[in-house]
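In: Have a look at this prediction, sequence included:
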Amino acid sequence: MSRNEAAVEHQICFVGDSLVAGIGDETALGWSGRLVARQAAVGHPVTGYNLGIRGNTSAQILARCVNEVELRRSPRRPTRVVLSMGVNDTTHVDGAPRVPLAESCANLTAVLDAVAGDPVLVVGPPAVADDAQNDRIRELTGRYLELCRGRGVPYVEVFHVLECHPVWRQQVLEGDGAHPRSEGYQALYELVAPTWDRWLGASPRGGEELP
């Protein structure tokens, strides 16, 4: 991206589930809000739209993604899309995942096809408090990573770090089993930020902590 392009204020649609929405964060920022605040703090503001819906699976995200993005498109500001999904797919209902692994991968492929005209960044599903579900998330994030690599789409794999991250683990355990508090979202934000910077073509100062 050229310097002039980097100076343009982009609008970013964050599409996903409750972890995109930042549920549990007492500051109401989550990781996506921290990324938007990061840009404003260094003089490269973006317009951020948080389109996270609690409980959404990849199938539900596929059903609404294009319309959500199109409703927010502007002729004056380039649109980019950040996707994050998968945890709800791996939740068991009546002994089976809400969305089977193959279908979850097909849904991500379909979403990427649908928004192929815009730059896309995918953030993988993080760890939860349930060990059996984490086994399913581990397999899913590996498949998502392979899928995105094959399409040249940047993918931030966060599961393996957060599975062992003391703050993330503690806060998820103390909460509802899936959502951390502010410090946990800060940890997730820090994992995403380096790829975010490269994706936007800007270079905000690294290492800053946002509230």
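Out: Yes, it's here. This is a predicted model, so every value here is computed, not measured.
In: can you tell me the average pLDDT over the host helix or strand of Q171?
Out: Taking DSSP states H and E as the definition, Q171 sits inside helix 166-174. Average pLDDT, helix 166-174: 98.
In: Between helix 166-174 and the helix or strand just after that helix, find me the angle.
Out: Per DSSP H and E, the first helix or strand lying C-terminal to helix 166-174 is helix 182-200. Relative orientation of helix 182-200 and helix 166-174, computed by axes from the mean of the first three to the mean of the last three CA atoms, to 10 degrees: 120 degrees.
In: roughly how far out does helix 182-200 sit from the chain middle?
Out: 10 Å (CA atoms, centre = their mean, to the nearest Å).
In: Please apply the same query to stretch 181-191.
Out: Counting by CA atoms, centre = their mean, stretch 181-191 comes out at 12 Å from the chain centroid.
In: Pull up the gap between the most centrally placed residue in the chain and V8, please.
Out: Nearest to the geometric centre of the chain sits S84, at 3.4 Å (CA atoms, centre = their mean). Distance, S84 to V8, by CB to CB, to the nearest Å: 24 Å. All C-beta spots, glycine's among them, are computed from the backbone N, C-alpha and C.
In: Enumerate residues external to the longest helix anywhere in the chain that contact any of its residues.
Out: Once the chain is assigned using DSSP state H, the helix that runs over the most residues is helix 131-151. Residues outside helix 131-151 that contact it (CB atoms under 8 Å, 6 or more residues apart in numbering) are 86-87, 89-92, 97, 101, 104-105, 108-109, 112, 122, 124-128, 154-155, 157, 159-160, 163.
In: Quick one: name whatever helix or strand follows that helix.
Out: Downstream of helix 131-151 (by DSSP H and E), the next one is strand 155-156.
In: what about that next one, average pLDDT?
Out: 98.
In: Output the contacting helices and strands for it.
Out: strand 120-123, helix 131-151, helix 182-200 (3 or more CB pairs under 8 Å, 6 or more residues apart in numbering; DSSP states H and E).
In: Tell me the strands beside the shortest one, with direction?
Out: When you say that, I think you mean strand 120-123. strand 79-84 (parallel), strand 155-156 (parallel) (DSSP bridges).
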